[in-house]
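In: here's my sequence, what's the structure:
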Amino acid sequence: MGSAKPTPVSTYRLQITEDFDLFEAARRLPYLHDLGVDWVYLSPLLTAEAGSAHGYDVATHDHVDPSRGGEAGLAALSREARRLGMGVLVDIVPNHVGVAAPAEGTWWWDVLRYGRESEHATAFDVDWAAGDGRVLVPVVGDDDLGHDGGPVGHLRVIETPTGQRLCYHDHGFPIAPGTADDLGQEVDGRIVDAATVHGRQHYELVHWRRADTDLNYRRFFAVSTLAAVRVEDPEVFAASHVEIKRWFDEGLVDGLRVDHPDGLRDPEGYLADLAALTGGAYVLVEKILALRDGSRATSSGTGPVEELPRSWATAGSTGYDVLALIDRVLTDPAGEGALDDLETRLRGAPVDWQAMVHDTKRAVADGILQAEVRRITREVVSSIGVGPASPEVVADAVAELLACFPVYRSYLPEGREHLDRAVALARQHRPDLAPTLDVLLPVLSDPHTAPALRFQQTSGMVMAKGVEDCAFYRWSRLTSLTEVGGDPSVFAVSPSEFHEAMRTRQRDWPLAMTCLSTHDTKRSEDVRARITTLAELPEVWAEALEALLAAAPQPDPGFGSLLWQAILGAWPAPPHPELRSRLHGYAEKAMREAGDRTTWVEPDEKYEAAVRAAVDAAFDAPEVETVLRPLLERMAGPGWVNALTAKLLSITIPGVPDVYQGSELWEQSLVDPDNRRPVDFDAREALLPSAGTATLTVHVDDPGTTKLLVTRRALILRRDRPDLFTTYAPVAATGSAAEHVLAFDRGGAITVATRLPVGLMAKGTWGDTRIELPPGRWTDVISGRAVGSGAITDVLAAYPVALLVSTGSTTGTGSTTGTGSTTGGPA
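Out: Numbering: from 1, shown residues only. Prediction:
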C-alpha cells in the first residue's frame, strides 16, 4: 500500500490573474505561512480565453495559462510552497470550456470547422439533429437579423496567415475546407458571397435570443459562451486532464477543488476517474447542499437536507452549508417577527418564499433555460413517446418538475425521494398535468435513461438561476441570510442545533472545507456580520429605513431595503474613493438579477435612475447622512463582534478552514466582480508584526488588526497543534448571559465566542455567566493571557472571542500578551 496522501489543515484562496500571477503568488507565500496558513488554494490555472479575469472559461487543457505565469510560474510557486512546508490546492473546471472567442487550436474551433467529423465532436454535448446538422451560435444582433433569422449585415470572409475566416463584427469563425473556394464567383446565377459561405458551414450564426429557446449544445447555466464538455467519455476525460495529470506526476500540486460537479452527467464516476488519475489525492467538490427541503412549509433548519453522497471519492464540499449555519447561529431569532412585519409593509403583502421560489424557477425553465427543457422533451419523446400528450405538454410537465424539484439535483438511484417529492408537488400545482407526470416518472427515475441523466444535469441550473440569481434579490427581510448555500426562510439556528451539526460534521466530513467568503458569495463575511445585527435592532432598522426611503424615494421599497442593507454592510470609514462606483455596480446587478422591475436585456431606465439616485444620496445628501451615520455607528461595534466570532468559529470547528484572499482584515466586498478586487498584501504584511497589540474599537473605522490577530493565532494553533482538534464537544454556559456564549472543546482547544452582542450590551454585564473548564491552568491563545477561571468576565476580558489551551500547549502560536480591550459587550 502507498503512503497516505497529504491533507490540509487550512487553506488560503488566491485569485490568480494576469496582474497577480503565479510568480507574485509565490512571492506572497512567506506571508501566508507567517499568517498560519497550511496550503495555498489557487483559482483555475489552465489557459483561459484571452482577457479572462477569473479563469473559469478554460480554452485549452494542455498547459498552464501563460498570462497567469505558465508552467514556470507554477513550478516556482510549488518550489516555494515546498520550502515552507506548504501544500498546493488548485481549482479545476471539468464541466465546460470558454467559447466566446473561438481560437485556432481549440476543440471548439475544430468542431465548428469540421462539424460531426471533427476529432473533438464527441467532446461536446451537441444535439446535431436539432440544428439540422449544425451548431447554433447565438451572436447575431437585432440590427443584423434577416428574414430567415440569419445575419444580413457585417458578415465577411477574410484571409489570415493560417487561412480564411468568416467574420461577423468582431467575431471570427473557421471556414470548412473547400466551402469558400468560389467566393466572388457566380454559381447557379448568384454571386457567392459571405452569406453563401455561411450557409455552407457546420455552424449557423443565429439571433442571440435563440439561445434561450433553440440552443443545441449543453452549456454552463444560461451562459452560451461556456460550452459543456463530456468528461464522462474516457477519451475526453484523459484529454481534458492531461495537464492536471502532469501536476501530480511531477509533484507540483497536492489537491484539487472541482468546480460545479452538478453539471456533470456522472459526478460519482468522474470523481472515481479523478482519484485514479491523482493517486487518491485530496479533492473537494463545489457542491451546494440545500439547507432545507425547499418544497416544504416548515423545517427545523438544523442542517442540510441534501447530503453529499458518501460514495463519492471526495473529502467533502467547499463549505457553503457550514457558512449558512455560522451566520444563523449568530442571528437573533427574536427579530424574525418584526422583520417579517417590515417586509410585509414594504412589499404590500406577506412574502411566501416557497411560492416565490417556485415561480422564479418556473420562469427560468420557461425562459433562459427553455432550450434545455426542450432537449429533455425531445429525449423523452425519442425514448418512450408521449402517448396522447403533445410535445408541448411534455415540455410543460418537465418545466413544472424542474420548478418543484426541492434540492439542486439527484444522483440516481440516490435522491429518488426528491424526484417523488417534485412529482407530488407538481400534481398539486398542476393537476391537469397528472397523466403526463405518470408517464414521465418511470423514465425520469431510471438512472440509465437519457432523459433522466439530462434532467439531473438541468435541475441544479434551474435552482441556481431561479433562486441564487433571482429570488435572493427579491426578498430583503434580512439579506445576510440570502447567501449561496442558504435558505433565507430559515432565520436562525440555536446553539444546540449548531453543536449537533458540528458533531455530525466531525463524524462524517472532518476534512471538508469551511468557508465564510468566496469568489461567489453575494456578500462577504463582514458585510453579513454587520447586517446580522439588524435582527437585534429591528425597530431601529425600521425607523431608519423609513427615513432613508423618504430622503431617497424608491419605486420598490422592498428593493430599497436590500440596497440600503448592502450600503450599510459595505460602508467603510473613511469611504474608499471607489466605493461609489462599487455600489453603483452592485445596485445594477442586484436590480437586474431580481428581474421584476428591470432586466439585463430590457432595462427600465426610469427605475434604474431612481436606484442610482439612492446610491448617490448616500454620499451627497445631508438628510441621508444624518440617518446613515448614527445607524452605522450603532451597528459597527456589534458587527465587528459578529465578524470575529464568525472568523474564530470558521477556523476552529470541524473541517478545513479557508481564508478568502484579504479576509484576515475586514472584508466588506459585495457580489462579483466586487469580491475579486486586488488585495493589498503589502499593507497586511506591514500590520502582521503589530497585530499582537491590537485593540478592537466600536467604530466604523476600526482598522481590523484584531481580526488579523484572531485569524493568525487560530490558524497557527490549528497548523502546529492538530492534536488539539480531533473531537467536538459543546461547552455549556450558565448564568444570566449564558445565551450570549457559544463554546466548544475540540479535544484540547476550547473556543469561546460572543453571540447576540446587542442584547449583551443591553444587559450591561456578563454577570455570573461562566463555563466549566477542565481542571488545570489555561491560556487564551488570542490575547496571550492566563485565564484563571471559567468566568466569562475573565475568559473574554481582552476580546469578544477566546481560544483556550492548557498552559504549556501554546508552542508555535507566536502568542504575546495582548493589550486589547473589550468591545461589543461588557468586560
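
In: which residue is most remote from the mean position of the chain?
Out: residue 189 (57.0 Å; CA atoms, centre = their mean).

In: how about low-confidence regions in the stretch 201-350 of the chain?
Out: Low-confidence segments of the stretch 201-350 of the chain (pLDDT under 70): 292-304.

In: one step back: what sits against the residue farthest from the centre of the chain?
Out: Shown in contact with residue 189 (CB atoms under 8 Å, 6 or more residues apart in numbering): no residues. From N, CA and C alone the C-beta is placed, and that goes for glycine too.

In: next one: it from residue 674, what distance?
Out: 58 Å (CB to CB, to the nearest Å).

In: repeat for residue 594
Out: Counting by CB to CB, the gap from residue 594 to residue 674 is 17 Å.

In: and the strands in the stretch 151-300 of the chain, which stretches?
Out: Assigned by DSSP state E, counting those that start in this stretch, the stretch 151-300 of the chain shows strands spanning 155-160, 163-168, 171-174, 186-187, 190-191, 203-207, 219-220, 223-228, 255-258, 282-285.

In: go through these and name the closest to residue 103.
Out: Comparison of the strands of the stretch 151-300 of the chain against residue 103 by CB to CB identifies strand 171-174 as nearest, at 8.6 Å.

In: what pLDDT does the closest residue to residue 36 other than its chain neighbours get?
Out: Using CB to CB, 6 or more residues apart in numbering and skipping residues adjacent in sequence, the residue nearest residue 36 is residue 715, 2.8 Å away. Residue-level confidence at residue 715 comes out at 98, pLDDT.

In: mind listing what residue 715 touches?
Out: So residue 715 contacts 10, 35, 36, 37, 38, 651, 657, 659 (CB under 8 Å, 6+ apart).

In: so it is in which element?
Out: Taking DSSP states H and E as the criterion, residue 715 maps to helix 705-720.

In: let's see that helix as PDB, backbone CA atoms only.
Out: The C-alpha trace of helix 705-720 is given here as PDB (Å, rounded to 0.1, in the frame of the first residue of the first chain):
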ATOM      1  CA  THR A 705      -6.000  44.400  13.200                       C
ATOM      2  CA  THR A 706      -7.900  42.400  15.900                       C
ATOM      3  CA  LYS A 707      -9.300  40.200  13.100                       C
ATOM      4  CA  LEU A 708      -5.800  39.700  11.800                       C
ATOM      5  CA  LEU A 709      -4.700  38.700  15.300                       C
ATOM      6  CA  VAL A 710      -7.600  36.200  15.700                       C
ATOM      7  CA  THR A 711      -7.000  34.800  12.300                       C
ATOM      8  CA  ARG A 712      -3.300  34.300  12.700                       C
ATOM      9  CA  ARG A 713      -3.200  32.800  16.100                       C
ATOM     10  CA  ALA A 714      -6.100  30.400  15.500                       C
ATOM     11  CA  LEU A 715      -4.500  29.300  12.200                       C
ATOM     12  CA  ILE A 716      -1.100  28.800  13.800                       C
ATOM     13  CA  LEU A 717      -2.600  26.700  16.600                       C
ATOM     14  CA  ARG A 718      -4.500  24.500  14.200                       C
ATOM     15  CA  ARG A 719      -1.500  24.000  12.000                       C
ATOM     16  CA  ASP A 720       1.100  23.400  14.700                       C
END
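
In: coming back round to it: over to the residue farthest from the centre of the chain: give its phi and psi.
Out: phi 80, psi 10 (degrees, to the nearest 10).

In: still on that earlier bit, neighbour count: residue 594 and residue 674, which is higher?
Out: Using other CB atoms under 10 Å as the criterion, residue 594 and residue 674 rank with residue 594 on top: 23 against 19.

In: go ahead and confirm that one touches residue 476.
Out: No: using CB atoms under 8 Å, residue 594 is not in contact with residue 476, being 9.8 Å away.

In: shared neighbours of these two, anything?
Out: Shared contacts of residue 594 and residue 476, defined by CB under 8 Å, 6+ apart, comprise residue 559.

In: phi, psi of residue 10?
Out: When read as degrees, to the nearest 10, the backbone of residue 10 gives phi -160, psi 160.

In: ok, it to residue 791 distance?
Out: Residue 10 is 31 Å from residue 791, where distance means CB to CB.

In: quick one: end-to-end length of stretch 527-537, please.
Out: End-to-end distance for stretch 527-537, by CA to CA, to the nearest Å: 16 Å.

In: next one: it to chain centre, how far?
Out: How far stretch 527-537 lies from its chain's middle: 21 Å, per CA atoms, centre = their mean, to the nearest Å.

In: residue contacts, the residue nearest to residue 320 when sequence neighbours are not counted?
Out: The shortest distance from residue 320 to any residue other than its chain neighbours is 2.7 Å, reached at residue 485 (CB to CB, 6+ apart). By CB under 8 Å, 6+ apart, the residues touching residue 485 are 288, 289, 291, 320, 321, 323, 324.

In: closest one to residue 402 out of the contacts of residue 715, please.
Out: Nearest member of the contacts of residue 715 to residue 402, counting by CB to CB, is residue 657, at 35.1 Å.
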